[in-house]
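Asker: Any chance you could fold what I've pasted below:
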Amino acid sequence: MQLSTKLFARVGKQEITQYTIENDREMSLSFITFGARVQRLRLPSPHHPGGNPNLLLGYVTLQDYLERPGTFGAVLGPDLQDATSHPHNGWQNFNWQGDLQRHGDSATLIMSLRLPDGADGLPGAREVKIAHTLDNDNHWTIDWWIETSEPVALRPTIDLAFALTGDPAQTIMDQRLTLGAKTVEMPVVDRLTKETTATLTAPLWQLALETDAPGLCVSSYPQISAVDNFNGIVGQPHIAAGLRPLVAPDDGALHLQPGEPWRQRTVITLASTL
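Answerer: As a prediction, the model looks like this:
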């Protein structure tokens, strides 16, 4: 298990840090503290022309994240719409605190955010923690923990856009999607399901997800277009798949009370298909 920490960018007196965890099977995850973003997901394949492409949509520089459309990899809150309706309040705009820990055959990055009363546009103070754990079986576990000092309605999530083609110029509409035990077509628009397990299979990689959430929202990102440029490659609609755990069955808000922390766990497993 290899861990690394380095300076990603400096904004005034604030330092944005990049953390990377790589397991013994060469699966790696990279994060930046700006918005607690998941920046890269990698698992080398000798059959891909690029060898080790990023299997998430993301950018290379902080300037890209600030100027280009989308909230890829970011923790969105207190509501999914904050990125557009209240862009100054969203958790994706804060610089989080990172704590990287090694635990034998696994490693964990804990991203923490402590907000004073009203800092995110809602009453009360909030503490948010997200723990990302990677083990040597290619399990990536995401554990949420949120506590508030006042009653609030939240709809938190991480905007993970999986690009299992390894090429932001290729569509994902012909990839195999399984929800629960049933194979379904990749949705053109967002689809809600009560299923809590999903599998996405591409020619070179397969991703499996299991969550204790009440369901999932599946997206193929039809809003992406040629204005979105990932790692120097111009995008097009439907180049990634989002598997977003819900916080309420109808994709509504989570009603959080003081003294009652909210927890959610999702486990993502990545494998090479060849």
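
Asker: From now on I want contacts and neighbour counts done on CA atoms only, so please keep to that.
Answerer: OK.

Asker: got the contact list for the longest helix seen in the chain?
Answerer: When the chain is parsed with DSSP state H, its longest helix is helix 62-67. The contact list for helix 62-67, computed with CA atoms under 8 Å, 6 or more residues apart in numbering, reads 8-9, 59, 71.

Asker: Next, format those residues as a markdown table and append secondary structure and neighbour count.
Answerer: Output for those, formatted as a markdown table (DSSP: H, G, I helix; E, B strand; the rest coil; neighbours: other CA atoms under 10 Å):
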| residue | secondary structure | neighbour count |
| --- | --- | --- |
| Phe8 | strand | 17 |
| Ala9 | strand | 16 |
| Tyr59 | coil | 19 |
| Thr71 | coil | 22 |
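
Asker: How confident is the prediction for the closest residue to Gly35 other than its chain neighbours, by pLDDT?
Answerer: Spatial nearest neighbour of Gly35, excluding adjacent residues (CA to CA, 6 or more residues apart in numbering): Gln92 at 3.8 Å. Note on Gln92: pLDDT of 90.

Asker: Need the three-state assignment for Gln92.
Answerer: Of the three states, Gln92 takes helix under DSSP: H, G, I helix; E, B strand; the rest coil.

Asker: Provide a list of residues in contact with it.
Answerer: Gln92 neighbours (CA under 8 Å, 6+ apart): 34-37, 71, 74-77, 83.

Asker: can you check Glu185 too?
Answerer: Glu185 neighbours (CA under 8 Å, 6+ apart): 173, 176-177.

Asker: And for Thr108?
Answerer: 100-102, 131-134.

Asker: Put the buried members of the residues you listed into a ChimeraX selection.
Answerer: Here is the ChimeraX command that selects the buried residues among those (16 or more other CA atoms under 10 Å):
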select :100,131,132,133,134
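
Asker: Identify, from the contacts of Thr108, the entry nearest to Leu207.
Answerer: Leu134 (14.3 Å; CA to CA).

Asker: SS state for the closest one?
Answerer: Strictly by three-state DSSP, Leu134 counts as strand.

Asker: Not counting sequence-adjacent ones, nearest residue to it?
Answerer: Nearest non-adjacent residue to Leu134 (CA to CA, 6+ apart): Trp140, at 4.6 Å.

Asker: what helix or strand does the one you found sit in?
Answerer: Using DSSP states H and E, Trp140 maps to strand 139-148.

Asker: Quick check: next helix or strand after that strand?
Answerer: Following strand 139-148 toward the C-terminus (DSSP H and E): strand 152-154.

Asker: Centre of the chain to stretch 181-198, how far?
Answerer: The chain centroid and the centroid of stretch 181-198 are separated by 18 Å, computed with CA atoms, centre = their mean, to the nearest Å.

Asker: residues of it that come out buried?
Answerer: Within stretch 181-198, the residues that count as buried by 16+ other CA under 10 Å are 186-187, 192-198.

Asker: Tabulate those in TSV, adding columns for distance to Ala213.
Answerer: Listed next are the buried residues of stretch 181-198 as TSV, based on distance: CA to CA, whole Å:
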residue	distance to Ala213
Met186	21
Pro187	20
Leu192	12
Thr193	11
Lys194	9
Glu195	9
Thr196	7
Thr197	10
Ala198	12
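
Asker: Closest to Ala119 out of those residues?
Answerer: Of all the buried residues of stretch 181-198, Leu192 has the smallest distance to Ala119: 30.7 Å, by CA to CA.

Asker: Find the nearest non-adjacent residue to that closest one, please.
Answerer: Residue nearest to Leu192 in three dimensions, not counting chain neighbours: Cys217, with 4.5 Å by CA to CA, 6+ apart.

Asker: Now do the contacts for the one you found.
Answerer: Going by CA under 8 Å, 6+ apart, Cys217 touches 190-193, 242-246, 251.

Asker: what is it paired to in the beta sheet?
Answerer: In this entry, Cys217 is beta-bridged to Leu192, Arg244, by DSSP bridges.

Asker: one step back: of the contacts of Gln92 - the most surrounded one?
Answerer: Using other CA atoms under 10 Å as the neighbour test, the contacts of Gln92 are led by Ala36, with 30 neighbours.

Asker: Please give the number of neighbouring residues around Glu147.
Answerer: The number of residues packed near Glu147 is 20, by other CA under 10 Å.
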